[in-house]
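**Student:** Model the following, please.
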Amino acid sequence: MKVLCYGVRDVERPFFEKLAKDYNLEVTCTSNFLNTKETAELAKGFDCVVLRANCFANKENLDLYKEYGVEYVLTRTVGTNHIDIPYAKELGFKMAFVPFYSPNAISELAVTHAMMLLRHMSYTTYKTGVKKDFTVDANMFSKEIRNCTVGVVGLGRIGMTTAKLFKGLGANVLGQDLFPKTGVEDIVTQVELDELLAKSDIVCLHCPFIPENGKVVTKEFLAKMKEGAILINAARGELQDVPALVEALESGHLAGLGIDVLENESTVFFKDFKGGDIEDPTINKLINMYPRVLVSPHMGSYTDEAVTNMIETSFQNLTEFVETGDCKNKIK
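**Tutor:** Numbers count the residues shown, from 1 in each chain. Now for the predicted structure:
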(Lines give C-alpha, C1' and ligand atoms only; values in the text may rest on other atoms or scores of the structure.)
Protein backbone atom coordinates (compact mmCIF):
# COMPACT_ATOMS: atom_id res chain seq x y z
CA MET A 1 0.00 0.00 0.00
CA LYS A 2 1.62 3.23 -1.19
CA VAL A 3 0.75 6.29 0.89
CA LEU A 4 1.54 9.97 0.20
CA CYS A 5 1.49 12.23 3.26
CA TYR A 6 1.17 15.98 2.67
CA GLY A 7 2.38 18.89 4.80
CA VAL A 8 4.99 16.88 6.70
CA ARG A 9 7.57 19.01 8.48
CA ASP A 10 11.13 17.73 8.85
CA VAL A 11 10.76 17.22 12.60
CA GLU A 12 7.72 14.99 11.96
CA ARG A 13 9.38 12.66 9.43
CA PRO A 14 10.91 10.24 11.98
CA PHE A 15 7.43 9.70 13.46
CA PHE A 16 6.00 8.87 10.02
CA GLU A 17 8.91 6.57 9.19
CA LYS A 18 8.71 4.61 12.43
CA LEU A 19 4.95 4.16 12.28
CA ALA A 20 5.06 3.25 8.57
CA LYS A 21 7.27 0.28 9.50
CA ASP A 22 4.94 -0.70 12.32
CA TYR A 23 1.97 -0.76 9.91
CA ASN A 24 3.91 -2.21 6.95
CA LEU A 25 3.10 0.75 4.69
CA GLU A 26 5.19 2.29 1.92
CA VAL A 27 5.01 5.95 2.95
CA THR A 28 6.32 9.00 1.11
CA CYS A 29 6.33 12.36 2.90
CA THR A 30 6.20 15.75 1.21
CA SER A 31 6.39 19.16 2.84
CA ASN A 32 3.97 20.46 0.18
CA PHE A 33 0.37 21.20 1.06
CA LEU A 34 -2.38 20.14 -1.34
CA ASN A 35 -3.27 23.53 -2.82
CA THR A 36 -2.47 23.42 -6.55
CA LYS A 37 -2.76 21.09 -9.53
CA GLU A 38 0.99 20.45 -9.22
CA THR A 39 0.67 19.27 -5.64
CA ALA A 40 -2.28 17.04 -6.57
CA GLU A 41 -0.13 15.50 -9.31
CA LEU A 42 2.30 14.29 -6.64
CA ALA A 43 -0.24 11.56 -5.87
CA LYS A 44 0.34 9.71 -9.16
CA GLY A 45 1.06 6.07 -8.38
CA PHE A 46 -0.25 6.21 -4.79
CA ASP A 47 -3.19 4.29 -3.32
CA CYS A 48 -3.80 6.68 -0.43
CA VAL A 49 -3.20 10.31 0.50
CA VAL A 50 -3.03 11.66 4.05
CA LEU A 51 -3.90 15.35 4.32
CA ARG A 52 -3.63 17.92 7.08
CA ALA A 53 -5.29 21.29 7.64
CA ASN A 54 -4.79 23.69 4.74
CA CYS A 55 -4.68 20.81 2.26
CA PHE A 56 -7.70 21.39 0.03
CA ALA A 57 -9.33 18.33 -1.47
CA ASN A 58 -11.60 20.36 -3.76
CA LYS A 59 -13.33 19.22 -6.95
CA GLU A 60 -10.29 19.85 -9.16
CA ASN A 61 -7.89 17.95 -6.92
CA LEU A 62 -10.32 15.11 -6.28
CA ASP A 63 -10.85 14.69 -10.03
CA LEU A 64 -7.09 14.30 -10.44
CA TYR A 65 -6.93 11.80 -7.59
CA LYS A 66 -9.66 9.75 -9.25
CA GLU A 67 -7.76 9.86 -12.54
CA TYR A 68 -4.57 8.70 -10.81
CA GLY A 69 -6.25 5.76 -9.06
CA VAL A 70 -6.14 7.06 -5.49
CA GLU A 71 -8.68 5.12 -3.40
CA TYR A 72 -8.30 6.56 0.10
CA VAL A 73 -8.43 10.24 1.09
CA LEU A 74 -7.56 10.45 4.78
CA THR A 75 -6.95 13.47 6.97
CA ARG A 76 -4.84 13.51 10.13
CA THR A 77 -7.06 16.21 11.62
CA VAL A 78 -10.26 16.42 13.62
CA GLY A 79 -11.72 19.00 11.23
CA THR A 80 -12.81 17.90 7.75
CA ASN A 81 -13.95 21.16 6.15
CA HIS A 82 -10.91 21.16 3.83
CA ILE A 83 -12.44 18.21 1.95
CA ASP A 84 -15.38 18.50 -0.46
CA ILE A 85 -17.04 15.54 1.22
CA PRO A 86 -20.21 15.26 -0.94
CA TYR A 87 -18.17 15.29 -4.15
CA ALA A 88 -15.57 12.88 -2.74
CA LYS A 89 -18.39 10.47 -1.86
CA GLU A 90 -19.79 10.87 -5.36
CA LEU A 91 -16.42 9.78 -6.74
CA GLY A 92 -16.31 6.80 -4.38
CA PHE A 93 -13.31 7.72 -2.21
CA LYS A 94 -12.99 6.06 1.18
CA MET A 95 -12.37 8.81 3.75
CA ALA A 96 -11.52 8.94 7.44
CA PHE A 97 -10.43 11.48 10.05
CA VAL A 98 -8.79 11.57 13.46
CA PRO A 99 -11.54 12.08 16.07
CA PHE A 100 -9.15 13.21 18.81
CA TYR A 101 -5.50 13.38 19.81
CA SER A 102 -3.54 14.45 22.88
CA PRO A 103 -5.74 17.08 24.57
CA ASN A 104 -2.72 18.20 26.57
CA ALA A 105 -1.10 19.59 23.42
CA ILE A 106 -3.85 22.19 22.93
CA SER A 107 -4.44 22.80 26.62
CA GLU A 108 -0.78 23.41 27.40
CA LEU A 109 -0.58 25.96 24.59
CA ALA A 110 -3.70 27.72 25.88
CA VAL A 111 -2.27 27.86 29.40
CA THR A 112 1.06 29.12 28.04
CA HIS A 113 -0.63 31.94 26.14
CA ALA A 114 -2.64 32.85 29.23
CA MET A 115 0.30 32.84 31.63
CA MET A 116 2.51 34.84 29.24
CA LEU A 117 -0.19 37.52 29.00
CA LEU A 118 -0.99 37.47 32.72
CA ARG A 119 2.67 37.86 33.70
CA HIS A 120 3.48 40.15 30.72
CA MET A 121 6.34 37.87 29.70
CA SER A 122 6.40 38.85 26.02
CA TYR A 123 6.56 42.51 26.97
CA THR A 124 9.24 41.87 29.58
CA THR A 125 11.50 39.60 27.54
CA TYR A 126 11.24 41.90 24.51
CA LYS A 127 12.36 44.77 26.74
CA THR A 128 15.29 42.83 28.19
CA GLY A 129 16.26 40.72 25.18
CA VAL A 130 15.82 43.21 22.34
CA LYS A 131 16.06 46.61 24.02
CA LYS A 132 18.59 45.49 26.69
CA ASP A 133 16.49 47.39 29.25
CA PHE A 134 16.43 45.53 32.56
CA THR A 135 14.43 48.06 34.56
CA VAL A 136 11.19 46.93 36.19
CA ASP A 137 8.17 49.07 35.28
CA ALA A 138 4.47 49.19 36.09
CA ASN A 139 3.56 47.21 32.95
CA MET A 140 5.19 44.11 34.47
CA PHE A 141 2.99 44.09 37.58
CA SER A 142 0.43 41.26 37.61
CA LYS A 143 -2.01 39.22 39.63
CA GLU A 144 -1.12 35.68 40.65
CA ILE A 145 -3.08 32.98 38.88
CA ARG A 146 -4.35 31.63 42.21
CA ASN A 147 -6.12 34.97 42.70
CA CYS A 148 -7.80 34.70 39.28
CA THR A 149 -10.95 33.11 37.98
CA VAL A 150 -10.55 31.22 34.70
CA GLY A 151 -13.57 30.51 32.52
CA VAL A 152 -13.47 27.55 30.12
CA VAL A 153 -16.04 27.57 27.31
CA GLY A 154 -16.49 24.02 26.07
CA LEU A 155 -15.91 21.10 28.45
CA GLY A 156 -14.87 18.30 26.12
CA ARG A 157 -11.55 16.47 26.42
CA ILE A 158 -9.49 19.59 25.72
CA GLY A 159 -11.61 21.94 27.81
CA MET A 160 -11.53 19.64 30.81
CA THR A 161 -7.75 19.20 30.48
CA THR A 162 -7.36 23.00 30.43
CA ALA A 163 -9.61 23.26 33.48
CA LYS A 164 -7.46 20.68 35.33
CA LEU A 165 -4.24 22.52 34.48
CA PHE A 166 -5.56 25.85 35.74
CA LYS A 167 -7.03 24.18 38.81
CA GLY A 168 -3.61 22.70 39.51
CA LEU A 169 -2.12 26.19 39.38
CA GLY A 170 -4.59 27.29 42.04
CA ALA A 171 -7.11 29.21 39.93
CA ASN A 172 -10.84 29.22 40.55
CA VAL A 173 -12.24 27.55 37.41
CA LEU A 174 -15.68 28.13 35.92
CA GLY A 175 -16.99 26.18 32.95
CA GLN A 176 -19.82 26.26 30.44
CA ASP A 177 -20.93 23.69 27.90
CA LEU A 178 -24.07 23.20 25.82
CA PHE A 179 -24.24 19.75 27.39
CA PRO A 180 -23.45 20.06 31.13
CA LYS A 181 -21.03 17.47 32.52
CA THR A 182 -21.42 15.32 35.61
CA GLY A 183 -18.78 14.32 38.14
CA VAL A 184 -16.51 17.30 37.48
CA GLU A 185 -17.42 19.45 40.48
CA ASP A 186 -14.00 19.01 42.07
CA ILE A 187 -12.38 20.65 39.03
CA VAL A 188 -14.83 23.14 37.58
CA THR A 189 -17.97 24.97 38.66
CA GLN A 190 -20.46 24.99 35.79
CA VAL A 191 -22.35 28.24 35.22
CA GLU A 192 -24.22 30.02 32.45
CA LEU A 193 -22.08 31.78 29.84
CA ASP A 194 -23.01 35.31 30.92
CA GLU A 195 -21.91 34.60 34.50
CA LEU A 196 -18.67 33.02 33.29
CA LEU A 197 -17.83 36.07 31.16
CA ALA A 198 -18.68 38.54 33.92
CA LYS A 199 -16.52 36.80 36.54
CA SER A 200 -13.52 35.45 34.62
CA ASP A 201 -10.11 37.13 34.49
CA ILE A 202 -9.12 34.69 31.73
CA VAL A 203 -11.53 33.09 29.24
CA CYS A 204 -10.41 30.06 27.20
CA LEU A 205 -12.39 28.86 24.18
CA HIS A 206 -12.43 25.10 23.61
CA CYS A 207 -15.72 24.76 21.77
CA PRO A 208 -16.46 23.67 18.20
CA PHE A 209 -17.56 26.05 15.47
CA ILE A 210 -21.17 25.34 14.48
CA PRO A 211 -21.89 27.31 11.28
CA GLU A 212 -25.62 27.66 11.90
CA ASN A 213 -24.89 29.23 15.30
CA GLY A 214 -22.48 31.79 13.84
CA LYS A 215 -19.55 33.38 15.65
CA VAL A 216 -19.21 33.10 19.41
CA VAL A 217 -16.82 36.00 20.08
CA THR A 218 -18.86 39.01 19.00
CA LYS A 219 -19.15 42.60 20.27
CA GLU A 220 -21.86 41.39 22.64
CA PHE A 221 -19.71 38.53 23.94
CA LEU A 222 -16.74 40.85 24.52
CA ALA A 223 -18.90 43.52 26.19
CA LYS A 224 -20.05 40.89 28.72
CA MET A 225 -16.47 40.00 29.60
CA LYS A 226 -14.94 41.38 32.78
CA GLU A 227 -13.09 44.67 32.24
CA GLY A 228 -9.37 43.98 31.73
CA ALA A 229 -9.77 40.25 31.10
CA ILE A 230 -7.67 38.03 28.81
CA LEU A 231 -9.16 35.92 26.02
CA ILE A 232 -7.56 32.73 24.64
CA ASN A 233 -8.72 30.94 21.49
CA ALA A 234 -6.95 27.70 20.62
CA ALA A 235 -10.09 26.18 19.11
CA ARG A 236 -11.35 27.56 15.77
CA GLY A 237 -10.69 30.85 14.01
CA GLU A 238 -14.28 30.98 12.76
CA LEU A 239 -15.44 31.46 16.35
CA GLN A 240 -14.08 35.01 16.55
CA ASP A 241 -15.06 38.34 14.99
CA VAL A 242 -11.64 39.94 14.42
CA PRO A 243 -12.88 43.57 14.03
CA ALA A 244 -14.73 43.19 17.34
CA LEU A 245 -11.53 41.90 18.96
CA VAL A 246 -9.53 44.86 17.62
CA GLU A 247 -12.14 47.28 18.95
CA ALA A 248 -12.18 45.67 22.41
CA LEU A 249 -8.37 45.75 22.57
CA GLU A 250 -8.13 49.35 21.37
CA SER A 251 -10.67 50.49 23.98
CA GLY A 252 -8.76 48.65 26.72
CA HIS A 253 -11.79 46.59 27.69
CA LEU A 254 -9.85 43.49 26.67
CA ALA A 255 -6.40 43.46 28.27
CA GLY A 256 -4.86 40.70 26.20
CA LEU A 257 -5.53 38.13 23.50
CA GLY A 258 -3.80 34.82 22.75
CA ILE A 259 -4.84 33.00 19.57
CA ASP A 260 -3.61 29.92 17.72
CA VAL A 261 -6.27 30.16 15.02
CA LEU A 262 -7.65 32.58 12.44
CA GLU A 263 -10.54 32.42 10.01
CA ASN A 264 -9.24 31.70 6.49
CA GLU A 265 -5.88 31.21 8.15
CA SER A 266 -4.22 29.64 5.11
CA THR A 267 -3.83 33.20 3.72
CA VAL A 268 -1.55 34.03 6.66
CA PHE A 269 -0.32 30.96 8.52
CA PHE A 270 2.73 29.04 7.30
CA LYS A 271 3.87 32.03 5.22
CA ASP A 272 6.73 34.49 5.82
CA PHE A 273 5.74 38.18 5.72
CA LYS A 274 9.08 39.43 6.98
CA GLY A 275 9.62 43.00 5.77
CA GLY A 276 6.02 43.45 4.63
CA ASP A 277 2.45 43.72 5.78
CA ILE A 278 -0.32 41.16 5.68
CA GLU A 279 -2.92 42.00 3.04
CA ASP A 280 -5.88 41.90 5.42
CA PRO A 281 -5.67 45.27 7.26
CA THR A 282 -7.68 44.04 10.24
CA ILE A 283 -5.44 41.01 10.79
CA ASN A 284 -2.42 43.26 10.28
CA LYS A 285 -3.72 45.65 12.94
CA LEU A 286 -4.37 42.77 15.34
CA ILE A 287 -0.88 41.30 14.95
CA ASN A 288 0.71 44.75 15.36
CA MET A 289 -0.81 44.91 18.85
CA TYR A 290 1.96 42.61 20.11
CA PRO A 291 2.77 42.08 22.98
CA ARG A 292 -0.85 42.50 24.13
CA VAL A 293 -1.80 40.12 21.33
CA LEU A 294 0.06 36.82 21.00
CA VAL A 295 -0.49 34.86 17.78
CA SER A 296 0.84 31.35 17.18
CA PRO A 297 0.41 29.77 13.70
CA HIS A 298 -1.98 26.91 14.49
CA MET A 299 0.68 24.88 16.30
CA GLY A 300 -1.44 23.56 19.15
CA SER A 301 -1.01 19.99 17.90
CA TYR A 302 2.70 20.42 17.20
CA THR A 303 3.96 18.11 19.97
CA ASP A 304 5.50 14.65 20.03
CA GLU A 305 2.41 13.03 21.55
CA ALA A 306 -0.17 14.73 19.33
CA VAL A 307 1.77 14.07 16.12
CA THR A 308 2.14 10.39 17.07
CA ASN A 309 -1.59 10.15 17.80
CA MET A 310 -2.58 11.76 14.49
CA ILE A 311 -0.27 9.62 12.35
CA GLU A 312 -1.02 6.37 14.14
CA THR A 313 -4.79 6.89 13.97
CA SER A 314 -4.52 7.69 10.24
CA PHE A 315 -2.55 4.50 9.60
CA GLN A 316 -5.01 2.53 11.74
CA ASN A 317 -7.87 3.99 9.68
CA LEU A 318 -6.23 2.87 6.44
CA THR A 319 -5.48 -0.62 7.78
CA GLU A 320 -9.08 -0.99 8.95
CA PHE A 321 -10.40 0.03 5.53
CA VAL A 322 -8.10 -2.44 3.74
CA GLU A 323 -8.82 -5.33 6.08
CA THR A 324 -12.57 -4.88 6.61
CA GLY A 325 -13.79 -2.48 3.91
CA ASP A 326 -15.03 -0.14 6.62
CA CYS A 327 -13.61 2.15 9.32
CA LYS A 328 -14.97 3.37 12.63
CA ASN A 329 -13.55 6.84 11.92
CA LYS A 330 -14.90 7.12 8.38
CA ILE A 331 -16.17 10.50 7.26
CA LYS A 332 -19.93 10.23 6.85
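
**Student:** can you give me the strands in the stretch 151-300 of the chain?
**Tutor:** 172-176, 189-190, 202-205, 229-233, 254-259, 293-295 (DSSP state E, counting those that start in this stretch).

**Student:** State the phi and psi torsions of residue 75.
**Tutor:** Note on residue 75: backbone dihedrals following degrees, to the nearest 10 are phi -130, psi 140.

**Student:** Residue 320 falls within a helix, correct?
**Tutor:** Yes: using DSSP: H, G, I helix; E, B strand; the rest coil, the secondary structure at residue 320 is a helix.

**Student:** ok, now which ones touch it?
**Tutor:** Each residue near residue 320 by C-beta atoms under 8 Å, 6 or more residues apart in numbering is listed here: 326, 327, 328, 329. For glycine as for every other residue, the C-beta is placed from the backbone atoms N, C-alpha and C.

**Student:** one step back: what's the closest of the strands of the stretch 151-300 of the chain to residue 107?
**Tutor:** Residue 107 sits nearest to strand 202-205 of all those, at 8.6 Å, using C-beta to C-beta.

**Student:** partners of that closest one, with directions?
**Tutor:** strand 149-153 (parallel), strand 229-233 (parallel) (DSSP bridges).

**Student:** Can you tell me the closest non-neighbouring residue to residue 270?
**Tutor:** Nearest residue to residue 270, sequence neighbours excluded (C-beta to C-beta, 6 or more residues apart in numbering): residue 297, at 6.3 Å.

**Student:** Which strand or helix spans residue 63?
**Tutor:** helix 59-68 (DSSP states H and E).

**Student:** what mean pLDDT would you report for that helix?
**Tutor:** Averaged across helix 59-68, the pLDDT comes to 98.

**Student:** List the contacts of that helix.
**Tutor:** By C-beta under 8 Å, 6+ apart, the surrounding residues in contact with helix 59-68 are 34, 37, 39-41, 43-46, 49, 57, 73, 84, 87-88, 91-93.

**Student:** Let's see that with 6 Å instead.
**Tutor:** 34, 40, 43, 44, 84, 87, 88, 91 (C-beta atoms under 6 Å, 6 or more residues apart in numbering).

**Student:** Would you mind writing the ChimeraX command to select the buried ones in those residues?
**Tutor:** Only the buried entries of the contacts of helix 59-68 go into this ChimeraX selection, using 16 or more other C-beta atoms under 10 Å:
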select :34,40,43,84,88
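
**Student:** From the contacts of helix 59-68, pick the one nearest residue 244.
**Tutor:** The closest of those to residue 244 turns out to be residue 84 (C-beta to C-beta; 30.4 Å).

**Student:** mind listing what the closest one touches?
**Tutor:** Residues in contact with residue 84 (C-beta under 6 Å, 6+ apart) are 58, 59.

**Student:** pLDDT score for it?
**Tutor:** On the pLDDT scale, residue 84 gets 97.

**Student:** now the helices for the stretch 151-300 of the chain?
**Tutor:** For the stretch 151-300 of the chain, the helices defined by DSSP state H, counting those that start in this stretch cover 157-168, 193-199, 219-224, 242-251, 281-287.

**Student:** possible to save those as CSV with mean pLDDT and distance to residue 258?
**Tutor:** Converted to CSV, the helices of the stretch 151-300 of the chain look like this (pLDDT from 0 to 100; distance: least, C-beta to C-beta, whole Å):
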stretch, mean pLDDT, distance to residue 258
helix 157-168, 98, 12
helix 193-199, 98, 17
helix 219-224, 98, 15
helix 242-251, 98, 11
helix 281-287, 94, 12
